[in-house]
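Colleague: my questions concern the predicted model and sequence given below.
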Amino acid sequence: MITQPEETTAAYQTVVGLEVHVQLLTQSKLFCRCSTKFGAPPNTQTCPVCTGMPGALPVMNREAFRLSLKTAIALDLHIPQFTKWDRKNYFYPDSPRGYQISQFDLPLSEHGFLHISDPQGAFPPKKIRILRAHLEDDAGKSLHDEAAGKADSRIDLNRAGTPLLEIVSEPDMRSAQEARAYLTELKLLLTYLGVSDCNMQEGSLRVDANVNIHMQVDGEKIATPIVEIKNLNSFRAVERAVVYEAQRQYELWRETGKKLGDAPKQTRGWDDQAQLTRAQRHKEESSDYRYFPDPDLAPVLTSAEEVEKLKAAMIQRPAELRSRLQTDYALDAHDADVIVNQGRLFVDYFIAVAEKSGSGKLAGNWIQQSVLRYLNEQEIGIGEFDISAAALAEMIDLIQSGELASSRAKDVFAEMLNAKTTAPEAMKTLGIEAVDDSTLVTLCQSLLDDNPRIVADVQGGKQQAVGALIGQAKKKNPNANPSEVRKICLRLIDAM
Amino acid sequence: MALTPEIVKQVSLLARLQLSADELELMTQQLGRVLEYIDKLAEVDTENVAPLAHAVELSNVFADDQVAPSLPREEVLANAPKRDDACYRVPAVLGD
């Protein structure tokens, strides 16, 4: 019986490698021109090629290959000059051809990496090596017909032939948090690149996790047999499954003593309801797939010049943007992280506000504390936000010039949203105007004249007594800036 | 390498073919002869020959990413041994 993982950090080291399948954002399938649109009625987006009719000839989608190369470059993968397609043979009802078209020994890219870090410092920043990224086509979907009992499965082949990029990491992650950080960063990068929408609900991003544990026992290094976990429907599920599986393997090892090599690689499925992994069908040995080059598909040659051209056109990646926001706009690491993680549109909004207002720090604060909070509350994106970057920058300008007191700025922000208006207009509506120094001095002097006891208290060393005057000042003039009132009062008393 | 009935059995399993004992023996003989014939290639000196990844000397054959009409569902499902109005029907897929 396996219970919640206890204190086990000292007992073993969790080792995780991840296989991520992402659906590429193409209009048509990988080897035929059927639509890849999600949600169409079953079997309305198929043709002889993707249903595996005899004699049908696949032709590679140019855009799918381009998106793959773009991703490969973003992951610092090496792109060999020559790549080809292979048949991976197996029978399954959702794969009508009896084989998947994939890449075996000569994938389109290999040996790259992705940096991960944790702003909360759960682990030190590290580099996760990526073994390879290759293209393959997706299978169809089995629908389980509850109404008809357990007699039949129904097959929908709309998804069959959709382009998938499989990104395989090295087993470089050492905890569930690292696995999650890798997935989060990979997803962010892919959405920045625009190569996939990474929608897990619609299956555009799927994760399998390879997990085992390493231990030091009497000076000997021991590893448990590797288990591949499937059916991971969210990043949270990945985290939980890794923690669960590591502990399960530890307890199994204590029971049986079975080490890596004593048992074949096992496939287990994550049961999110029960929060545990269950054994699945035997994983056929790789050679059982009888890979061989697909004779229907021509290999692809990519010249060094083409790779250079793609590199030159590469966008700034999230990691690069994080450091740029820190150097160019004086944000700290945490703030830069929060902004970059919201996506490219959000970063552009921040940069526009920071540039126009000339203050990265103020722009960062407002955008994180007020804009982001509002977006989260409303569950909308920055694209649907009513205050333009220019309008927010104008408000920040007014704060910087002293015309708008920080204490009133939140009200102005709310009014700008409320009335869909500019900062100056909102200030007019709220009756906010800058109070010049001489007006403030006059106001303070009259307050001191009316409150000799407070003056005496302050003179007697009780500086905090001046606080009572601030409230009175605000009553007489709501635009009076509290910290200014305090400063002026103390100065006036001092000069008495 | 001599082909054994065990190997043929394994291959027939992967190919989802059920062979009777007689068929298994026949296949072992016949496939064995095919393999022997192919083994002749091993006599050729390939020391300085680069492995061939593809039989046709073509590369970079692409189509543009433009959606073309799919087949009508009725046509797609026409040859299915078992179907309903929208899907193929197959014996229940167990496990995952």
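Modeller: Sure, I can see it.

Colleague: quick one: low-confidence parts of the chain?
Modeller: Chain wasn't specified; assuming chain A. Along chain A, the model assigns pLDDT under 70 to residues A:1-10, A:145-150, A:281-287, A:434.

Colleague: chain B, not that one
Modeller: B:1, B:93-96.

Colleague: that one: helices as residue ranges?
Modeller: Applying DSSP state H to chain B gives helices spanning B:5-14, B:21-39, B:73-77.

Colleague: what helix or strand is the closest residue to chain B within the stretch 201-350 of chain A on?
Modeller: In the stretch 201-350 of chain A, the residue that lies nearest chain B is A:Ala298 (4.3 Å; CB to the nearest CB). Yep, even glycine has a C-beta here, placed from its N, CA and C like the rest. Secondary structure here is read from DSSP states H and E; on that basis A:Ala298 sits in neither a helix nor a strand.

Colleague: residues contacting it?
Modeller: By CB atoms under 8 Å, 6 or more residues apart in numbering or on different chains, A:Ala298 lies in contact with A:60, B:54, B:56, B:58-61.

Colleague: rerun that using 6 Å as the cut-off
Modeller: By CB atoms under 6 Å, 6 or more residues apart in numbering or on different chains, A:Ala298 lies in contact with B:58-59, B:61.

Colleague: how about B:Leu71?
Modeller: A:Cys47.

Colleague: what's the answer for A:Val227, then?
Modeller: A:Val227 sits in contact with A:211, A:266, A:268, where contact means CB under 6 Å, 6+ apart.

Colleague: still on that earlier bit, just the contacts of A:Ala298 that are near chain A?
Modeller: B:58-59, B:61 (CB under 6 Å from any CB of the partner chain).

Colleague: using TSV, lay out the residues you listed together with distance to A:Leu75 and neighbour count.
Modeller: TSV is the format used below for the ones next to chain A among the contacts of A:Ala298 (distance: CB to CB, whole Å; neighbours: other CB atoms under 10 Å in any protein chain shown):
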residue	distance to A:Leu75	neighbour count
B:Leu58	29	10
B:Ser59	24	14
B:Val61	26	15
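
Colleague: residues from chain A in reach of chain B?
Modeller: Residues of chain A lying close to chain B (CB under 6 Å from any CB) are A:26-28, A:33-35, A:42-47, A:59-63, A:84, A:91, A:93, A:142, A:150, A:152-156, A:269, A:280-281, A:293, A:298-301.

Colleague: of those residues, buried ones?
Modeller: A:26, A:28, A:33-35, A:42-47, A:59-61, A:63, A:84, A:93, A:142, A:152-156, A:269, A:280, A:293, A:298-300 (16 or more other CB atoms under 10 Å in any protein chain shown).

Colleague: among those residues, which are in helices?
Modeller: Those of those mapping onto helices are A:Glu63, per DSSP H.

Colleague: now go through the buried ones among the residues of chain A next to chain B and say which are in strands.
Modeller: Judged by DSSP state E, strands contain the following of these: A:60-61, A:142, A:152-156, A:269, A:293, A:300.

Colleague: what's the most distant pair in the residues you listed?
Modeller: A:Asp152 and A:Val300 (40.0 Å; CB to CB).

Colleague: touching, A:Ala133 and A:Ser169? I think so.
Modeller: No - with contact defined as CB atoms under 6 Å, A:Ala133 does not reach A:Ser169; the gap is 10.0 Å.

Colleague: look up how far A:Lys126 lies from A:Val117.
Modeller: That one is not Val; residue A:117 is Ser. Per CB to CB, to the nearest Å, A:Ser117 is found 8 Å from A:Lys126.

Colleague: quick check, central residue of chain B?
Modeller: What sits nearest the mean C-alpha location of chain B, by CA atoms, centre = their mean, is B:Ala15, with 7.5 Å.

Colleague: so which residues on chain B come close to chain A?
Modeller: Counting by CB under 6 Å from any CB, chain B sits next to chain A at B:16, B:53-54, B:58-65, B:67-68, B:70-71, B:73, B:76, B:86-90, B:92-93, B:95-96.

Colleague: which of these count as buried?
Modeller: B:54, B:63, B:65, B:70-71, B:73, B:76, B:87-90, B:93.

Colleague: ok, now which ones touch A:Thr429?
Modeller: Per CB under 6 Å, 6+ apart, neighbours of A:Thr429: A:Glu415.

Colleague: list the beta-bridge partners for A:Leu232.
Modeller: On the basis of DSSP bridges, A:Leu232 is bridged to A:Val207.

Colleague: test my guess that it contacts A:Glu239.
Modeller: No - between A:Leu232 and A:Glu239 there is no contact under CB under 6 Å: 9.5 Å.

Colleague: what about A:Leu189, neighbour count?
Modeller: By the measure other CB atoms under 10 Å in any protein chain shown, the count of residues near A:Leu189 is 19.

Colleague: quick one: contacts for it?
Modeller: Counted by CB under 6 Å, 6+ apart, A:Leu189 has contacts A:74, A:317-318.

Colleague: just the buried subset of those, please.
Modeller: Using 16+ other CB under 10 Å, the buried ones in the contacts of A:Leu189 are A:74, A:317-318.

Colleague: biggest strand in chain B by residues?
Modeller: Chain B, longest strand under DSSP E: strand B:88-91.

Colleague: and it, how far out from the chain middle?
Modeller: 21 Å (CA atoms, centre = their mean, to the nearest Å).

Colleague: what does stretch A:415-432 give?
Modeller: Counting by CA atoms, centre = their mean, stretch A:415-432 comes out at 35 Å from the chain centroid.

Colleague: can you show me the CA trace of that stretch as CSV?
Modeller: This file holds the C-alpha atoms of stretch A:415-432, laid out as CSV (Å, rounded to 0.1, in the frame of the first residue of the first chain):
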residue,chain,number,x,y,z
GLU,A,415,-11.8,55.7,-13.1
MET,A,416,-9.8,55.4,-16.3
LEU,A,417,-11.1,51.8,-16.6
ASN,A,418,-14.5,52.7,-15.5
ALA,A,419,-15.1,55.6,-17.9
LYS,A,420,-12.7,54.3,-20.6
THR,A,421,-10.9,57.7,-20.4
THR,A,422,-7.5,59.3,-20.0
ALA,A,423,-5.7,60.2,-16.8
PRO,A,424,-6.3,64.0,-17.1
GLU,A,425,-10.0,63.4,-17.8
ALA,A,426,-10.3,60.9,-14.9
MET,A,427,-8.6,63.4,-12.6
LYS,A,428,-11.0,66.1,-13.7
THR,A,429,-14.0,63.8,-12.9
LEU,A,430,-12.5,62.9,-9.5
GLY,A,431,-11.7,66.6,-8.8
ILE,A,432,-8.1,65.9,-8.4
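
Colleague: how about that stretch: buried residues?
Modeller: For stretch A:415-432, by 16+ other CB under 10 Å, it's A:415-417, A:421-424, A:426-427, A:432.

Colleague: what's the closest of those to chain B?
Modeller: Looking across the buried residues of stretch A:415-432 and measuring by CB to the nearest CB, the closest to chain B is A:Leu417, at 40.7 Å.

Colleague: need the contact partners of the host helix or strand of the closest one.
Modeller: Counting by DSSP H and E, the element that carries A:Leu417 is helix A:406-419. Outside of helix A:406-419, the residues within contact range by CB under 6 Å, 6+ apart are A:370, A:386-387, A:399, A:423, A:426-427, A:429-430, A:432.

Colleague: ok, now stretch B:30-47?
Modeller: With CB under 6 Å, 6+ apart, stretch B:30-47 has contacts from B:Leu3.

Colleague: export only the CA atoms of it, formatted as CSV.
Modeller: The C-alpha atoms that make up stretch B:30-47 are tabulated as CSV, following Å, rounded to 0.1, in the frame of the first residue of the first chain:
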residue,chain,number,x,y,z
GLN,B,30,10.1,-20.3,-47.5
LEU,B,31,11.2,-17.1,-45.7
GLY,B,32,14.4,-18.9,-44.8
ARG,B,33,15.1,-19.3,-48.5
VAL,B,34,14.3,-15.6,-49.1
LEU,B,35,16.7,-14.6,-46.4
GLU,B,36,19.4,-16.9,-47.8
TYR,B,37,19.0,-15.3,-51.1
ILE,B,38,19.3,-11.8,-49.7
ASP,B,39,22.3,-12.9,-47.7
LYS,B,40,24.2,-13.0,-51.0
LEU,B,41,24.5,-9.2,-50.6
ALA,B,42,26.8,-9.8,-47.7
GLU,B,43,29.4,-11.2,-50.1
VAL,B,44,29.7,-7.7,-51.7
ASP,B,45,32.4,-5.5,-50.3
THR,B,46,30.6,-2.4,-49.0
GLU,B,47,33.6,-1.0,-47.1
